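> Just need the structure, nothing else, for what follows:
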Amino acid sequence: MKNIKFFNKVKISITSIKGYRELLKDSLSKAILYSIILSLIVGSFLGVFSFITAGKIQKSMKDLISSEKFKFTLEDGILNFENSPIKKEYGGELIIYVDTNITLDEVDSIRKLVVHKNESLVILRDGISYRIDGNKFDYKFSELPLITNINNETILKSLNLIEIVKYLVFFINIILTYFSFIINSLALSVCGIIISKMNKLKMYYKDILKLSIYATTLPAILGIIVPIGTFSLLISGIYLILVMKMLKFN
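Model (predicted):
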């Protein structure tokens, strides 16, 4: 069989149901290699986005904490700010608001100041409230095990750790992308067994798994643009159903 190049496989997987007949002739090892390369590419894109986001947060926090306006001390779970309240906005995405005159129990009183941003970090007298895409997380300083008595200099030193985290996040994205790809492919292959039985197709499991791997291509690529979650299995499932229908009639 003629060797199909990687990007031609991507094109066939997305645009040509009939082309799956050629992909089916591939060995399982080549299909697995395809999944690794695709996950590496997709995961790298996601890793770069995470790397850039972490870098922006690191720079924003350093600029803010280095500012004369941002002098503070935290002792015994109580934050004292010399210039409170403070509000800093970064583009259309992030807002940092500091007000040590109120506590976490009163955080809803300043909701209107931060709700217009996708991401907000609110630092209050006794804790912090972090919100991203509608999800809110509250933490009291006294309940955080690594926070005792700190000041600006302590925070600036700890921010240097983000430099390491940025690289870790990059590689973690690649690993998680491949893990997600394989899990979806395996789950789809189980559905594929049922679909093949319904269509009275006599197929080996390795062939069903190969089709499942290629059918997962589009959801994996869409994941770069927008998180699609369980819709991933739905999209790849539609591909697999159409492919098996095609195989039945051919």
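
> who's in contact with the residue nearest to L40 when sequence neighbours are not counted?
Leaving aside its sequence neighbours, L40 sits nearest to I174 (Cβ to Cβ, 6 or more residues apart in numbering; 6.1 Å). From N, CA and C alone the C-beta is placed, and that goes for glycine too. By Cβ atoms under 8 Å, 6 or more residues apart in numbering, I174 lies in contact with 39-40, 43-44, 47.

> filter these to the buried ones?
Among those, those classed as buried by neighbour count (16 or more other Cβ atoms under 10 Å) are 39, 43-44, 47.

> if I look at the residue nearest to L40, how far off is E68?
I174 sits 41 Å away from E68, going by Cβ to Cβ, to the nearest Å.

> F81 now?
Using Cβ to Cβ, F81 is found at 12 Å from E68.

> When these two are compared, which one has more neighbours?
F81 (20 against 8; other Cβ atoms under 10 Å).

> That one against S67, yeah?
No - counting by Cβ atoms under 8 Å, F81 does not reach S67; the two are 11.9 Å apart.

> picking that back up, pick out the lowest-pLDDT one from the buried ones among the contacts of I174.
Ranked by pLDDT, the buried ones among the contacts of I174 bottom out at G47, which has 88.

> and that one, what is it in contact with?
169-174.

> The same query, at a cut-off of 10 Å, please.
Each residue near G47 by Cβ atoms under 10 Å, 6 or more residues apart in numbering is listed here: 40, 166-177.

> What about the residues you listed, which are in strands?
Within these, no residue falls in strands by DSSP state E.

> now, which of those residues lie within helices?
Mapping these onto helices (DSSP state H) picks out 40, 166-177.

> so where do the strands sit in the protein?
With DSSP E as the criterion, the chain has strands spanning 72-75, 78-81, 86-90, 94-99, 119-124, 127-132, 135-140, 150-151.

> quick one: average confidence on the fourth one?
Just to be clear, that refers to strand 94-99. On average, strand 94-99 scores 82.

> go on, the last one?
Summarised as a single mean, pLDDT over strand 150-151 is 79.

> One more: the first one?
On average, the pLDDT along strand 72-75 is 79.

> Give the buried residues for that strand.
72, 74.

> In the chain, where is pLDDT below threshold?
1-2, 145-148, 250 (pLDDT under 70).

> So it: which segments form each domain?
21-48+167-249, 51-162 (automatic domain parsing).

> start to end distance for the first one?
The stretch domain 21-48+167-249 measures 12 Å between its terminal residues, going by Cα to Cα, to the nearest Å.

> now swap in stretch 11-24 and tell me
Taking Cα to Cα, the first and last residues of stretch 11-24 lie 15 Å apart.

> Kindly report the same for stretch 226-237.
19 Å.

> Centre of the chain to stretch 129-138, how far?
16 Å (Cα atoms, centre = their mean, to the nearest Å).

> What of stretch 70-79?
With Cα atoms, centre = their mean as the basis, the mean position of stretch 70-79 lies at 33 Å from the chain mean.

> just the helices in the chain please.
So, for the chain - with DSSP H - the helices run 6-15, 20-24, 28-66, 111-114, 152-159, 161-198, 205-215, 217-225, 231-249.

> Looking at these, which one is packed in the most?
Among the helices of the chain, the stretch with the highest mean neighbour count (mean count of other Cβ atoms under 10 Å) is helix 205-215, at a mean of 22.

> helices or strands up against it?
For helix 205-215, the packing partners by 3 or more Cβ pairs under 10 Å, 6 or more residues apart in numbering; DSSP states H and E come out as helix 6-15, helix 20-24, helix 28-66, helix 161-198, helix 231-249.

> Present these as a markdown table; the columns should include distance to I132.
Converted to a markdown table, the helices and strands packed on helix 205-215 look like this (distance: least, Cβ to Cβ, whole Å):
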| stretch | distance to I132 |
| --- | --- |
| helix 6-15 | 31 |
| helix 20-24 | 39 |
| helix 28-66 | 11 |
| helix 161-198 | 15 |
| helix 231-249 | 21 |
